[in-house]
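Student: how would this look folded up:
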Amino acid sequence: MRAGKMQVMVAMSGGVDSSVAAAMMLDAGHEVVGVTMKLWGGPSDKGCCSVSDVLDARRAADAIGVDHHVFNFGDDFERHVIAPYVAEHDAGRTPNPCIECNRSIKFARLLERADALGFDAVVTGHHAQIVTVGDGTRRIARAVDIAKDQSYVLHMIPPSDLERVEFPVGGLEKSVVRKMATDMGMRVANKPDSQDVCFISSTTSRDEFLGDRLVHTPAEVVDTTGNKVGQVDSIQLVTIGQRKGLGLAGGSPAQYVNDVDVAAQRVTIGSREDLLSDHVDLDAMVWAGEPIGQDLVAQTSAHGTPRRASVQGNRVLWQSPQQRVAPGQTVVLYDGDTVVGGGIAH
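Tutor: Reported below is the predicted structural model:
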C-alpha cells in the first residue's frame with residue numbers, strides 16, 4: 001500500500017471483505033468515504049446487488065464512522081453487462097459477466113466518478129494483491145488466500161489505473177478478515193460470500209433469465225460423423241463441454257459438446273478426448289506490459305487449475321492438451337503469481 005495520507009473512495013458491497021477494507025484504510029490514517037454501487041434492479045440474493053446489501057454496507061460504514069453514499073449505475077450495468085451477456089448467448093458464446101462488470105463499471109466507471117470528486121484512490125475488498133515490478137509499474141498478483149483469489153477477474157485493469165487502486169485484504173487469509181470484522185463488532189462478520197452471477201438469483205436459472213431476452217433457436221445434435229443423435233430446444237443455452245440436456249438416448253457412453261454452430265443450428269458432440277486441444281486463440285487480448293511468450297501459466301476460469309503454456313501472437317499453446325475453452329470465456333496469463341495478460345476465447 002502506498003505511503004502518505006490519501007482521500008479514498010471505498011467500494012462497499014455490503015460484504016465482510018469490503019467492510020474490513022474500509023476499516024483498514026481508516027486505521028492507516030486515510031480519509032475514507034464508503035460508496036455502494038446500485039447496479040441491478042431485479043431480484044438478487046447472491047450478494048452485492050440486493051437492497052439488503054446496500055443496508056449492510058451503510059451499517060458497516062456507520063460502525064466505523066465514515067460517510068456512505070449510493071451511486072446508481074443501473075443504466076451502465078444494463079448497457080455494459082446485461083446486454084452483452086444476452087448478445088453473447090444469442091451468438092452461441094459463453095460470456096463472463098463478472099469480468100465485464102469489473103472492466104466497465106466497478107473500475108472504469110467508479111474511477112471516473114472518483115476523479116471527478118477529487119479522490120486519490122479507489123479501494124475494494126477484492127482478494128488480490130498489487131505488486132511493483134522492475135520497471136516501477138504496478139501489477140495485479142494472486143491473493144495470499146489462494147482459495148479466495150480474484151486476480152482472474154481483475155486481469156484487465158491497466159497499470160495506469162492500478163496507480164489509483166488498493167486491495168487491502170488481498171494480503172490476508174479470509175479467516176483473518178472475518179476475525180477482524182468480529183473484533184470490530186461488524187454484523188457482516190459471518191455473512192456468506194457472494195456467489196456466481198449477481199443478477200441471476202438462486203430461484204431463477206440462467207435459462208429463465210434469458211427466456212424473455214432472446215429468441216431461442218432449436219438445433220439438432222450430431223456426432224462427429226454428422227449423424228443426428230438428439231435435439232435441443234435452445235442452441236443459445238448450450239456450451240462447450242456440456243454433457244446433460246442434449247436429448248441423447250440413455251445408456252450411451254458419455255458424450256460432450258465439442259462445437260456450437262448457431263447459424264447452422266447444429267450442436268456437435270463427441271468423447272472427452274474429442275474435447276482436447278493443444279491451443280486456444282484469444283480476442284480482445286491485453287497485456288499489462290510487454291508481451292511474454294514463454295514460461296507462463298494460463299487459467300481458464302476464476303478458480304481453475306493453472307496450466308503451463310506459451311503464447312504466439314494471440315494464440316495460447318498448451319504444454320499438454322487441455323479441454324477446449326468455450327468461446328466467450330476468459331483466459332488469464334500469469335508469470336508466476338503475477339498477471340501479465342489475458343483475452344477472450346475466440
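Student: so how far is Thr268 from the closest residue in space to Pro218 that isn't next to it in sequence?
Tutor: Closest residue to Pro218 in three dimensions, ignoring its sequence neighbours and counting by CB to CB, 6 or more residues apart in numbering: Asp233, at 5.5 Å. C-beta: built from backbone N, CA, C; applies to glycine. Using CB to CB, to the nearest Å, one gets 17 Å for the distance from Asp233 to Thr268.
Student: Compare those two and say which is more crowded by neighbours.
Tutor: Each of Asp233 and Thr268 has its neighbours counted (other CB atoms under 10 Å); Thr268 has more, 19 against 14.
Student: ok, that one touching Asn258?
Tutor: Yes. When contacts are counted by CB atoms under 8 Å, Thr268 is listed as touching Asn258 (5.0 Å).
Student: what residues are shared contacts of the two?
Tutor: Contact criterion CB atoms under 8 Å, 6 or more residues apart in numbering; residues shared by Thr268 and Asn258: Thr224.
Student: so what are the domain limits for the chain?
Tutor: 7-183, 215-271, 275-345 (automatic domain parsing).
Student: sec struct for Arg58, please.
Tutor: Assigned with DSSP: H, G, I helix; E, B strand; the rest coil, Arg58 falls in the helix class.
Student: For it, which residues are in contact?
Tutor: Contacts of Arg58 by CB under 8 Å, 6+ apart are Thr36, His68.
Student: any idea how far the residue sitting furthest away from the middle of the chain lies from Ala298?
Tutor: Taking CA atoms, centre = their mean as the measure, the residue most remote from the mean C-alpha position of the chain is Asn227, 37.5 Å away. Relative to Ala298, Asn227 is positioned 35 Å away (criterion: CB to CB).
Student: residues contacting Arg324?
Tutor: Here Arg324 is in contact with Ile240, Gly241, Asn258, Leu275, Leu276, Ser277, Val280 (CB under 8 Å, 6+ apart).
Student: again, only this time at 10 Å
Tutor: Residues in contact with Arg324 (CB atoms under 10 Å, 6 or more residues apart in numbering) are 240-241, 256-259, 274-277, 279-280, 300, 345.
Student: Tell me the secondary structure at Val122.
Tutor: Using three-state DSSP, the structure places Val122 in strand.
Student: what about the lowest-mean-pLDDT helix or strand in the chain, distance to the chain center?
Tutor: Least confident helix or strand, the chain: helix 206-211 with a mean of 86, by mean pLDDT, DSSP states H and E. Chain-centre distance of helix 206-211: 20 Å, with CA atoms, centre = their mean, to the nearest Å.
Student: buried sites along that helix?
Tutor: Using 16 or more other CB atoms under 10 Å as the test for burial, helix 206-211 gives Phe209, Leu210.
Student: ranges for the strands of the stretch 101-250 of the chain?
Tutor: 121-123, 129-132, 138-141, 165-166, 219-222, 228-232 (DSSP state E, counting those that start in this stretch).
Student: Looking at those strands, which is nearest to Ile99?
Tutor: strand 138-141 (12.6 Å; CB to CB).
Student: quick one: low-confidence parts of the stretch 201-346 of the chain?
Tutor: In the predicted model of the stretch 201-346 of the chain, residues 251 satisfy pLDDT under 70.
Student: before we move on, back to that, what's the spacing between the residue farthest from the centre of the chain and Asp261?
Tutor: 16 Å.
Student: ok, now Lys174?
Tutor: On the measure of CB to CB, Lys174 and Asp261 end up 42 Å apart.
Student: Gly230 too?
Tutor: 15 Å.
Student: quick one: which of the two has more around it?
Tutor: More neighbours surround Gly230 than the other of Gly230 and Asp261, with 18 against 13 (other CB under 10 Å).
Student: From Met180, how far off is the more buried one?
Tutor: 53 Å.
Student: how close does the closest residue to His216 other than its chain neighbours sit to Val267?
Tutor: Of all residues not flanking His216 in the chain, Ser234 sits nearest, at 3.6 Å (CB to CB, 6+ apart). From Ser234 across to Val267, the span is 11 Å (CB to CB).
Student: Now the common contact residues for those two.
Tutor: Ala219.
Student: neighbour count winner among these two?
Tutor: Using other CB under 10 Å, the more surrounded residue of Ser234 and Val267 is Val267, with 27 against 17.
Student: which other helices and strands contact the strand or helix carrying that one?
Tutor: Element membership of Val267, judged by DSSP states H and E, is strand 266-270. Under the contact criterion of 3 or more CB pairs under 10 Å, 6 or more residues apart in numbering; DSSP states H and E, strand 266-270 touches strand 219-222, strand 228-232, strand 256-261.
Student: tell me the helices in this protein, going along the chain?
Tutor: 16-27, 51-64, 74-77, 83-90, 97-101, 110-117, 159-162, 174-183, 206-211 (DSSP state H).
Student: Which of these has the highest mean neighbour count?
Tutor: Greatest average neighbour count among those goes to helix 16-27 (a mean of 25), per mean count of other CB atoms under 10 Å.
Student: Which elements pack onto that one?
Tutor: strand 7-11, strand 31-38, helix 51-64, strand 121-123, strand 165-166, helix 174-183.
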